[in-house]
Each structure stands twice: as structure tokens, then as C-alpha cells.
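Trainee: prediction below, plus the sequence it came from.
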2 protein chains.
Amino acid sequence: MARSNKERTEATRLALIEAARRLFVDRGYADTATPDIVAEAGVTRGALYHHFEDKKALFRATLEREAEAVAAHIDTVSLPAGSPREALLLGAAAYFDAMAVPGRTRLLLLEAPAVLGFESAGAIDRDNAEGTLKAGLSDLIGKGADAARLQALTDLISAAFDRAAIAIETGADRKAYEDAVASLLDGLVRA
Amino acid sequence: MARSNKERTEATRLALIEAARRLFVDRGYADTATPDIVAEAGVTRGALYHHFEDKKALFRATLEREAEAVAAHIDTVSLPAGSPREALLLGAAAYFDAMAVPGRTRLLLLEAPAVLGFESAGAIDRDNAEGTLKAGLSDLIGKGADAARLQALTDLISAAFDRAAIAIETGADRKAYEDAVASLLDGLVRA
DNA sequence: CAATAAACATACAATCTGTATGTTTCTATC
DNA sequence: GATAGAAACATACAGATTGTATGTTTATTG
């Protein structure tokens, strides 16, 4: 064969992450055993524990990959921006698109907080989406608002986005939720 | 001693639920072992598995107890209602009060969805808070709105409430979050 | 071409969950 | 109030899982 160590590492890490993602998505973190993961990935537990400190570290790696994919998708779309309102609505739509990939809401919004805790899971969000959202909201409501208020609003709207994404993947009427999001944002303009 | 069976059952069930609550709150469901629970409760695993089908059933029982406590607290306060807006804001404040009991957000908003799944966890919500909230929102925005839109709005506002409760327990400025909630609701009136 | 390290494999110890089986305590009925 | 039966509890066990320790193979480096 003659693969370099870097290639070997990359290949097995990827195989493990992809296998883990599949199993985590349809059984959940707790009900997925490491022997199953390595079987699905075609490696042994030795390889798993060589590349990851423990099962939780593997989960964290799959989450990071997933969050990056979401961020990447959003980045491709949100460039053309008109009014602050339009920008936010486009961003929301892009977020819903990105989160529509099967299993994504489960991984990022359901399992992640429980497995990693509010803080660590929130940190992943913060690195990715939250900054953009906060900036958008700041544009929307005007620079006048103080920091605490802007932070609170961002947090609440972010939660609404997440819930909408969940509802949409669960089979709810997407248009109804996009309209509801728009209502919330429109309400803020006046306030 | 001479305790009736009903008394014995009630006592051990309660001891188990309270012990489980303590441990679930500060270690999480996954990191809490049944031997620890029964030790804390002063019974044996035999008793646990006699009264509950499995560990998950015990968790469900603690959750139900917790959700009832929240509902009970809210019921005591939300009786005096002026305008729809006032009613919702009072309800929100009552909810934040109720959720300020240590561990409650973790149990109800973090662990529950992950352990029981979106559906079962959502069902507990639906039995308790959601109906009231939906009625309040219906009063706020007028009866004109169609069902899908009202449902979506309820869902989103409910998510915002939950996130606010989490932020508040995590140490955020409560007033900022209550104001933000008020902003969201006020925005809906006009829309 | 050694010698070292990285990548992987296997074996093991500790723990945990759920069940099966045994014992004690109450309840019901004669 | 003695006895049969059931409910409540205790103990013992089987299977599975996690993380570690110990080998073995494959690549890298001087």
C-alpha cells in the first residue's frame, strides 16, 4: 500500500467521524456503542482510542465538522444584502436550508447540549452563527440599544431560529415558521 | 413498624425520585449510575426496579414531578390578568420564577429532550405550559390569525422563553431578558 | 539499514444495566 | 388469628460497555 502516516490518520479519522455521525443520528449518542462505530468504520477500537481521547471527543469532532458545514453553507448565500431586514431574513432562510440536512438538528440542537453541556455547546454556536446574527440585529434595531439588551435579543431570536429549524425538520410547514420569524423581526424594528 | 403497602410504596418512590433528582441535576442522566441513586435514597436496586421499569422510567417520573411543580407555581400567580399583554408578561415572569429553582432548566430543557426525545419531552410541555401560552398569544394578536401561524408563533415564543430561563439561571441579567421578551411580544401586537 | 515513533490490534479490568431468583413484610380470607 | 397469596424488597447473576494496558505492524528518520 505505502500510505503516509498523515494519509492514514486522515482516512481513519474521517471514517470514524462519518460512521459515528450516522450512528449518533439514528440512535443517539448514549445508545451508540464504540464497537458498533468501529465496525461501521471498518477499523478497531484501538484505532478509535488512538485518535480520540474518548467517545465524547469523537462526538465533539463530529459536531465541529457539522457546525463547519452549516457555517460554510450560510457563508455561500448571505453575501448579497439589501436592507437589514432582508439580510436577516435571507440569513434565516439559509440557516433553515443548512439545518434541513437530515440529522443536523438532532446532532447540533438536541444531543450536543446534553452531551457537552450548555457551555461547550453554546461555545460552538458562538464561534459560528451568533456573531453574524448579533450584527444583523444591531443593524435592524439601530445602534442605540445597549449591549445587554442586544445580547438578550440575540439569544432569544437565536433560540427561535433553532426551534424553527427543529419544527421544519420534524415536518412542520416551513412557510408558517418563516413567516413567524419574519413577524418577530418586524416587531423589533418598531420597538 | 407496620407500614401499609401504599405507604411503603409512596415513601420509597419518593425517596428514589428525590435522590435521582439531586444526582441527575449535578451529574446529568448519563453520568448517574443506579447504584448511586439507590445509595442516596437508602434503598437497594431491587426496590428501584420493582417500582420503575428501568432507569429511564425513573427519570420520566422525576421530570413529571418537576413539570407539575412548574405548572403549580404558575397557576398560583397568573390569575389576575388585565390586558392580553399584561397577562403574557405576568405569565412569563411567573415562568422565570418557577424555572429559577436550581436544576430545573437542566432537567426540563437540557436532559429531557435528549433522554426522552423531542416528541416525549415536547409532550410534557404541551400538557403544561403550551396551551396557556397559545391562548395568551391568540388574545394578543387577535383571533384573525390562522392556526398554522399561531402554532408557529407559539412554538417560537416558547423557545424564547426557555432560552431566557436558561440564561437567567446561568447568571445573565434577568431584567435584560424580561425586557427582550417584552419587546418580542410588543412587536407582535402591531404585526 | 537500524532505531524510533506513530498507527493500529488485542486483551483485560472495572462498571453498569436489566433480569432472575430468593426472602421478608403486608393483605385478604376463612 | 392462622394461612395462602401477593406485594415489596434484597441478592446474585449475565451481558455489554468503556477506557487502559500491552502487543504488533507500518512508516519515518538519521
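Mentor: That came in fine, so what should we check first?

Trainee: please see if stretch A:40-55 touches chain B.
Mentor: No. Looking at stretch A:40-55 against chain B by C-beta under 8 Å from any C-beta of the partner chain, there are no contacts, and the closest approach is 10.8 Å. Heads up, the C-betas are built off the backbone N, CA and C, glycines and all.

Trainee: measure that stretch end to end?
Mentor: 15 Å (C-alpha to C-alpha, to the nearest Å).

Trainee: contacts for that stretch?
Mentor: Stretch A:40-55 has contacts (C-beta atoms under 8 Å, 6 or more residues apart in numbering or on different chains) with A:9, A:12-13, A:15-16, A:18-20, A:22-23, A:34-35, A:37-38, A:58, A:61.

Trainee: look up how far A:Thr12 lies from whatever residue of chain A ends up closest to DNA strand C.
Mentor: Taking C-beta to the nearest atom of the strand, DNA strand C has its nearest neighbour within chain A at A:Gly46, 1.9 Å off. According to C-beta to C-beta, to the nearest Å, A:Gly46 and A:Thr12 sit 11 Å apart.

Trainee: look at the two and report which has more neighbours.
Mentor: A:Thr12 (19 against 9; other C-beta atoms under 10 Å in any protein chain shown).

Trainee: for chain A, just list every one of the helices.
Mentor: For chain A, the helices defined by DSSP state H cover A:5-27, A:34-41, A:45-51, A:55-77, A:84-99, A:104-105, A:112-125, A:131-141, A:147-169, A:174-190.

Trainee: next, see if the first one gets close to chain B.
Mentor: No. Under the criterion of C-beta under 8 Å from any C-beta, helix A:5-27 makes no contact with chain B; the nearest approach is 11.5 Å.

Trainee: what is that helix packed up against?
Mentor: Judged by 3 or more C-beta pairs under 8 Å, 6 or more residues apart in numbering or on different chains; DSSP states H and E, helix A:5-27 is in contact with helix A:34-41, helix A:45-51, helix A:55-77.

Trainee: and that helix, C-alpha only, in CSV?
Mentor: Extracted as CSV, the C-alpha positions of helix A:5-27 are listed here (Å, rounded to 0.1, in the frame of the first residue of the first chain):
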residue,chain,number,x,y,z
ASN,A,5,1.1,8.5,8.2
LYS,A,6,-0.7,11.7,7.5
GLU,A,7,-2.9,10.0,4.9
ARG,A,8,-3.6,7.1,7.2
THR,A,9,-4.5,9.3,10.1
GLU,A,10,-6.8,11.5,8.0
ALA,A,11,-8.5,8.5,6.4
THR,A,12,-9.3,6.7,9.7
ARG,A,13,-10.3,9.8,11.5
LEU,A,14,-12.7,10.6,8.7
ALA,A,15,-14.0,7.1,8.5
LEU,A,16,-14.6,7.2,12.3
ILE,A,17,-16.3,10.6,12.2
GLU,A,18,-18.6,9.6,9.3
ALA,A,19,-19.5,6.3,10.9
ALA,A,20,-20.1,8.0,14.2
ARG,A,21,-22.3,10.6,12.6
ARG,A,22,-24.5,8.0,11.0
LEU,A,23,-25.0,6.1,14.2
PHE,A,24,-25.3,9.1,16.5
VAL,A,25,-28.0,10.5,14.2
ASP,A,26,-30.2,7.4,14.2
ARG,A,27,-29.6,6.0,17.7
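
Trainee: contacts with DNA strand D among the contacts of stretch A:40-55, please.
Mentor: Restricting the contacts of stretch A:40-55 to those near DNA strand D by C-beta under 7 Å from any atom of the strand leaves A:34-35.

Trainee: which of the contacts of stretch A:40-55 sits closest to A:Ala172?
Mentor: Using C-beta to C-beta, A:Arg22 is the member of the contacts of stretch A:40-55 that sits closest to A:Ala172, with 24.9 Å.
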